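> only geometry, no sequence info:
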């Protein structure tokens, strides 16, 4: 029988777990506090428990950990990119970036991805498995311990589709937000999705005020289908209707991610259609210069085209920014570094 992943449990779940094994519920709170105040640990290190209690826990439970396999430091900015080694020897990656307002971590939610977006390196080897809540939390804690920092903002935008790992991601959100844990405000967390419509509605019902970020990348269904297979299942109108529902339920503005690709989605007609479909959505557009990968033969839009696209959108009073490129010299875009490693392209 597999052991219970104790650091994948929320505070309430740990209380119930301790009660189920004949202990007082407050022991669950002690365990939760110890794990998260120490940013992970081994059961044998939990000094608030007797040796007998430690042995009892070790018989039926475990605390999941991950290791830093490699760290890459950008020479252009203070971005750090990590390859993490999971206990089953799978590799995932995470990034931590320094901004004026503090440190932001971009973490993975799956080993690989099955969404098949043509310009994304994360999906090229398919989905291996979902990450556990503990494996998401551990990415945060491991980077914090390694750099001796406090991560202020969390972005679920690394490898994987968060809404395809819905239950584990929801648990992660509750764990990382808990005031007895990392105590991260929901408003400092962003979840990026390619647009799994039923899960957007489901997440809205939770009324967790995180920022929902939609990978749109084209205002036309026929173009989007060529780039993102999910568009064969969910049309843009369906996604935006779900976004309006989410925004109304959470009182949060939606972020629209838009990767600019030369001659594909950076034309005047794209601007006009984008303005049309977003006219009644409380949103902000984040323009992203394409990070080229060898499996995708399109080019990023020129700097002048990117600025023109932004300027034209601003005339419509839709808030728009251009994403600052971080860690470009260390394969900063999600999935690139892991893919280079697993395909033996690294030195």
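Thanks, I have it. This is a predicted model, so every value here is computed, not measured.

> Does residue 251 touch residue 210 like I think?
No. The pair residue 251 / residue 210 is not scored as a contact, 11.9 Å apart, by CB atoms under 8 Å. The way it works is simple: take the backbone N, C-alpha and C, and place the C-beta from them, glycine included.

> For these two, indicate the residue with more neighbours.
A side-by-side neighbour count of residue 251 and residue 210, using other CB atoms under 10 Å, places residue 210 first with 21 against 9.

> Once you drop chain neighbours, what's closest to the more buried one?
Using CB to CB, 6 or more residues apart in numbering and skipping the chain neighbours, the partner closest in space to residue 210 is residue 189 (4.4 Å).

> how many other residues sit next to the one you found?
Residue 189, neighbours per other CB under 10 Å, totals 19.

> Next, give phi and psi for it.
The phi and psi values for residue 189, taken as degrees, to the nearest 10, are phi -120, psi 130.

> Please name the residues that touch it.
153, 154, 155, 156, 173, 176, 177, 210, 211 (CB atoms under 8 Å, 6 or more residues apart in numbering).

> shaky segments in the stretch 101-250 of the chain?
Within the stretch 101-250 of the chain, no range satisfies pLDDT under 70.

> And the helices in this protein, which stretches?
Counting by DSSP state H, the segments of the chain that form helices are 11-20, 26-37, 51-60, 133-147, 166-177, 197-206, 221-227, 236-250, 268-277, 303-314, 336-342.

> so what's the residue nearest to residue 210 bridging to?
The residues listed as beta-bridge partners of residue 189 by DSSP bridges are residue 154.

> mind checking how far it is from residue 91?
Plainly put, residue 189 is 24 Å away from residue 91 if you go by CB to CB, to the nearest Å.

> and residue 87, how many neighbours?
Summarising burial for residue 87: neighbours were counted as other CB under 10 Å, giving 12.

> Tell me who's in contact with it.
Applying CB under 8 Å, 6+ apart, one finds that residue 87 lies in contact with 64, 65, 66.

> what do you get if the cut-off is 6 Å, keeping everything else the same?
With contact taken as CB atoms under 6 Å, 6 or more residues apart in numbering, residue 87 is in contact with no other residue.

> hmm, back to that, with distance to residue 291 and mean neighbour count added, can I get the helices of the chain in a markdown table?
What follows is those, written out as a markdown table (distance: least, CB to CB, whole Å; neighbours: other CB atoms under 10 Å):
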| stretch | distance to residue 291 | mean neighbour count |
| --- | --- | --- |
| helix 11-20 | 38 | 18 |
| helix 26-37 | 34 | 19 |
| helix 51-60 | 44 | 14 |
| helix 133-147 | 21 | 22 |
| helix 166-177 | 24 | 20 |
| helix 197-206 | 25 | 17 |
| helix 221-227 | 14 | 16 |
| helix 236-250 | 23 | 18 |
| helix 268-277 | 19 | 16 |
| helix 303-314 | 13 | 15 |
| helix 336-342 | 7 | 21 |
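
> what's the closest of those helices to residue 44?
If you check each of those against residue 44 by CB to CB, helix 51-60 wins as the nearest, at 5.7 Å.

> What is the closest one packed up against?
Packed against helix 51-60 by the contact rule (3 or more CB pairs under 6 Å, 6 or more residues apart in numbering; DSSP states H and E) you find no helix or strand.

> what does it rub up against?
Counting by CB under 6 Å, 6+ apart, residues outside helix 51-60 touching it are 43, 44.

> So what would you say the end-to-end distance of stretch 124-134 is?
Using CA to CA, to the nearest Å, the end-to-end distance of stretch 124-134 comes out at 25 Å.

> Could you pull out the buried residues of that stretch?
Within stretch 124-134, the residues that qualify as buried by neighbour count (16 or more other CB atoms under 10 Å) are 124, 127, 128, 130, 131, 132, 133, 134.

> From the rest of the structure, what touches it?
5, 7-8, 64, 90, 109-114, 165, 168, 171-172, 175, 295, 339.
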